[in-house]
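*Asks:* okay, sequence plus prediction incoming.
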Amino acid sequence: MTTEEVKKETPKKKKESGKQVVIPLLQHIGITCKPLVKVKDEVLIGQKIGENSDGLCAPVHSSIAGHVVAIEERLHPLCGKISSIVIESDETNRAIEYNPHNNPSKEDIINAVQEAGIVDLTGYPLYDMLTTYNRIDTVLINLTFPGDVNSNCAPENIPKIIEGMKLLMKGSGALDGAFIIHKYNQSLSSVIKSKLHDENIEIFTVKDNYSPTMANLLAYEITGIPVPNTQTPLDAGVILSSASGALAVTRAVNEGIPHIEANVTVSGAVRNPGTRRVNIGTSFKEVIQSSGGYSGEPGKIIMNGSLNGTAQPNDEVPVIKSTTEIIVQSTDEVLCESPGPCIHCARCVDVCPVNILPGRIASFSDMGMYDECFKMHVSSCIECGQCFYVCPSNRHLVQLIKFAKVELVKLLTIPDEEATPIPGCQTCENPCLLGEPFISGGIA
Amino acid sequence: MKLTVSHPAHIREGVTINKIMWSKIAILLVLSLISAVVFGPKALAVVLISVLAAVLTEAGIQKLTKQELTIKDGDAVLIGLIMALLLPPTVDLWIPVVGAFFAVALVKHAFGGLGSTLFNPAIAAWVFMNMSWGALTGSESIPYLSGYTDLFIEFGSGRLAEVSSMVLIIGGLYLIYKKYIDWRIPTLYLISTIVMALLIGEELSYVITGMLFLGIFILAPDPTTSPITKKGRFIYGILCGILTVVYGYLTYDYVVAVLFTVFFANAVAPFIEKNTFPKPVNEVSA
């Protein structure tokens, strides 16, 4: 898979075509990639442009053919500014020669997944799950996250998802596999049932929607093994992936194509909402324009779900590997009520999936009593956003809880140069507020 | 283009304090109208004066202490309304004025306003009035359930709230359906009352009164004064049922029993809550 293998074509350059992609060098949990290309280098589709062998890292690949314009810090949808490779298209579709596997062995699968730089929706590099020291019994594919299901579970993708599941089972040595589907999503479950011809793969129905940050809870629900926030589902012997991850695995192993595309559903205040296949690195603006543009004045752009997605500072941010959903809210949909007093109605307690008292913790956090928050198990919170969703008094529960966590980290950190840095984004020393899937939830 | 950046979540369910309060008020207003049919226009006068006094007290306190006026959230109206419904129609009209002032000024605002009260203001004010002017606030008759029609309209009732159990039952089920109140306290309260009454061999026709349903659907599940933990609400509901039957069995008055029950249960609610803190599903082992 080197560039020399590719036959040279005459590039048809057009000066005015300024189609650019911005590929962040950090699209996963782990360390930032080092760029493998320099400014003005020519790159092809699928060419590896960033890698770091020093630690947990998923390599990044160019999603278009063209030349590198700049390597600089650009806005990232989750982590503020991250050094990124900016590539300008030359309007050709020259790609590297892909290296598909027809009858892959376990090592082939792991190598292909690692080389393709596949990142799951949680932001976790998928190859690291396959090469874990834990004994893996089961591969689960979570089909309950609405954004993922809307984007990736079109009927023509179902055979590929099942194929991805089989590859993941082979790659990890797991004997069982299961699709997890919401109990009201009967159509999806019947489609999968009709395509599924394997005794080892089952279909589980669950009552709730599980977003990627709720991976530990889902593993607990299926296996019965409690997974604390300091661990991952791997510790319960479970690989938990998503439809997007399974699709990428199938493409990487069977076709040899690295993770350079994502299915993105655009919804909300746009003219033609729907699902589109976009290259990694395309700006949100372009994706929204291909969906017919904004209808009305946009007030908020959210990536990956209204409940626990991340609001974007502007629409120049690029699509990254874990993007499945772009939601545009018009200005009058944006919430801007001021919070009232807590009336202790306990609606937040009733919806909390981890069984803590969000309203009480938020009140303590509001008063600056972070030690009390710690006693009330603030660290168990997975920031799913459901307490904020049901609060009748408009209290900013999630924000207050996150604030308490940050203050606790400051209080509990030993002032020592040798203290272990927070994994993930390394652009600043502060605990990350923007990139919650990268730092909190089931992963941190 | 200006974009808002905020923490998640970015949408809301749409249940607000105003909706919760005003739907309760709507149910109780229907009840007041029926009581006006049964008792005559004097009942409406009691309700109006009580509500007016509560609202004016709240407005006065918030003006004096330079707080934002919160009449619109309906809490003061609800306090005045509940308090009026606990009184007999024969009451002197100055009593609800004093009661409303006591409820809003001393029980609600002295403790920190909406959401910070230890006791339900209306109940605490009723206890105060009952202690101070027992003869003036006592009822002349105690209802007895002699047939199914008494569930719809009760002519033998002594207090405004007892006139129609059906309005309270339908309204309460609506509140539960809309998730404006929690289902645990009403269900457990009802079950434990009936079980307890059967256990000590009391006739259910004395136990089941309009006031019991007011207690079950409006007074006991009052969000501020009931425990917030799930287990705590179970215990609270059971405790309410036991207290009601015990008090009623000893004093032969199941109407007053409900009111004192909620008062006592409010007092122990923080204790129940403190001892039923839940264990997180994914507790981080230290």
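*Replies:* That came through fine.

*Asks:* pLDDT below threshold where in the chain?
*Replies:* Because you didn't say which chain, this covers chain A. A:1-18, A:413-444 (pLDDT under 70).

*Asks:* please go with chain B instead
*Replies:* B:284-286.

*Asks:* so residue A:250: helix, strand or coil?
*Replies:* helix (DSSP: H, G, I helix; E, B strand; the rest coil).

*Asks:* correction: the previous question concerned residue B:100.
*Replies:* With three-state DSSP as the criterion, residue B:100 was assigned helix.

*Asks:* ok, it - contacts?
*Replies:* B:50, B:51, B:53, B:54, B:57, B:79, B:80, B:83, B:125 (C-beta atoms under 8 Å, 6 or more residues apart in numbering or on different chains). C-beta here means a position set from N, CA and C on the backbone, and glycine is covered the same way.

*Asks:* kindly recompute the last result at 6 Å.
*Replies:* Residue B:100 makes contacts with B:50, B:53, B:54, B:80, as judged by C-beta atoms under 6 Å, 6 or more residues apart in numbering or on different chains.

*Asks:* nearest residue to the third one other than its sequence neighbours?
*Replies:* Using C-beta to C-beta, 6 or more residues apart in numbering or on different chains and skipping the chain neighbours, the partner closest in space to residue B:54 is residue B:80 (3.1 Å).

*Asks:* wasn't that neighbour part of a helix?
*Replies:* Yes: counting by three-state DSSP, residue B:80 is part of a helix.

*Asks:* that older thread, mind checking which of the contacts of residue B:100 are buried?
*Replies:* B:50, B:53, B:54, B:80 (16 or more other C-beta atoms under 10 Å in any protein chain shown).

*Asks:* for residue A:312, give its distance to residue B:214.
*Replies:* 50 Å (C-beta to C-beta, to the nearest Å).

*Asks:* just to revisit the earlier point, with respect to residue A:81, which of the buried ones among the contacts of residue B:100 is nearest?
*Replies:* Closest approach to residue A:81 among the buried ones among the contacts of residue B:100 (C-beta to C-beta): residue B:54, at 55.1 Å.

*Asks:* element containing the closest one, please.
*Replies:* Element membership of residue B:54 [criterion: DSSP states H and E] is helix B:41-64.

*Asks:* cool, and residue A:217?
*Replies:* Counting by DSSP H and E, residue A:217 is found in helix A:215-223.

*Asks:* can you give me the neighbour number for residue B:102?
*Replies:* 21 (other C-beta atoms under 10 Å in any protein chain shown).

*Asks:* ok, how many other residues are close to residue 138?
*Replies:* Reading this off chain A. 22.

*Asks:* the chain in question should be chain B.
*Replies:* 15.

*Asks:* residue A:300 contacts residue B:4, doesn't it?
*Replies:* Yes: look at residue A:300 against residue B:4 with C-beta atoms under 6 Å: they come within range, at 4.7 Å.

*Asks:* tell me which parts of chain A are close to chain B?
*Replies:* The interface of chain A toward chain B, taken as C-beta under 6 Å from any C-beta of the partner chain, is made up of A:216, A:228-230, A:299-302, A:306-308, A:311, A:313-314, A:334, A:341-346, A:349, A:354-356, A:377, A:379-380, A:385, A:388-390, A:392-393, A:398-399.

*Asks:* just the buried ones from those, in PyMOL syntax?
*Replies:* Selection command for PyMOL covering only the buried members of the residues of chain A next to chain B, criterion 16+ other C-beta under 10 Å:
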select buried, chain A and resi 216+228+229+299+300+301+302+306+307+308+311+341+342+343+344+345+346+349+354+355+356+377+379+380+385+388+389+390+392+393+398+399
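
*Asks:* the most centrally placed residue in chain B: what's it in contact with?
*Replies:* Closest residue to the average C-alpha location of chain B: residue B:219 at 2.1 Å, with C-alpha atoms, centre = their mean. Residues in contact with residue B:219 (C-beta under 6 Å, 6+ apart) are residue B:262.

*Asks:* can you check residue B:204 too?
*Replies:* Residue B:204 touches residue B:197, counting by C-beta under 6 Å, 6+ apart.

*Asks:* distance of it from residue B:258?
*Replies:* 15 Å.

*Asks:* which stretches in the stretch 1-150 of chain A count as helices?
*Replies:* Ranges of helices in the stretch 1-150 of chain A, per DSSP state H, counting those that start in this stretch, are A:106-116, A:126-130, A:146-152.

*Asks:* and these as a markdown table, adding mean neighbour count?
*Replies:* Listed next are the helices of the stretch 1-150 of chain A as a markdown table, based on neighbours: other C-beta atoms under 10 Å in any protein chain shown:
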| stretch | mean neighbour count |
| --- | --- |
| helix A:106-116 | 20 |
| helix A:126-130 | 25 |
| helix A:146-152 | 23 |
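
*Asks:* turn the ones you listed into JSON lines, columns for distance to residue A:183.
*Replies:* Shown next, in JSON lines, are these (distance: least, C-beta to C-beta, whole Å):
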{"stretch": "helix A:106-116", "distance to residue A:183": "31"}
{"stretch": "helix A:126-130", "distance to residue A:183": "27"}
{"stretch": "helix A:146-152", "distance to residue A:183": "13"}
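
*Asks:* among the ones you listed, which is nearest residue A:250?
*Replies:* Using C-beta to C-beta, the helices of the stretch 1-150 of chain A put helix A:106-116 closest to residue A:250, at 10.4 Å.

*Asks:* for the nearest residue to residue B:203 once chain neighbours are set aside, what is the enclosing helix or strand?
*Replies:* Distances taken as C-beta to C-beta, 6+ apart place residue B:197 nearest to residue B:203, at 8.0 Å, with adjacent residues excluded. Using DSSP H and E, residue B:197 falls within helix B:184-199.

*Asks:* just checking, next helix/strand downstream of that helix?
*Replies:* Next along from helix B:184-199, by DSSP H and E: helix B:204-207.

*Asks:* give me the distance between that following helix and the centre of its chain.
*Replies:* Mean-position distance between helix B:204-207 and its chain equals 20 Å (C-alpha atoms, centre = their mean, to the nearest Å).

*Asks:* same check, this time on stretch A:117-125
*Replies:* On C-alpha atoms, centre = their mean, the centre of stretch A:117-125 falls 6 Å from the chain's centre.

*Asks:* and it, end to end?
*Replies:* 7 Å (C-alpha to C-alpha, to the nearest Å).

*Asks:* equivalent analysis for stretch A:378-393, please.
*Replies:* Per C-alpha to C-alpha, the first residue of stretch A:378-393 is 21 Å away from its last.

*Asks:* over to stretch A:256-274?
*Replies:* Termini of stretch A:256-274 sit 28 Å apart (C-alpha to C-alpha).

*Asks:* with stretch A:106-126 instead?
*Replies:* 14 Å.

*Asks:* quick revisit: quick one: residues in contact with the helix holding residue B:54.
*Replies:* Counting by C-beta under 6 Å, 6+ apart, B:32, B:35-36, B:69, B:71, B:76-77, B:79-81, B:83-84, B:87, B:89, B:93, B:96-97, B:100-101, B:104-105, B:109, B:160 sit against helix B:41-64.

*Asks:* give me the buried entries from these.
*Replies:* B:32, B:35-36, B:76-77, B:79-81, B:83-84, B:87, B:89, B:96-97, B:100-101, B:104-105, B:109, B:160.

*Asks:* so which of these belong to helices?
*Replies:* B:32, B:35-36, B:76-77, B:79-81, B:83-84, B:96-97, B:100-101 (DSSP state H).
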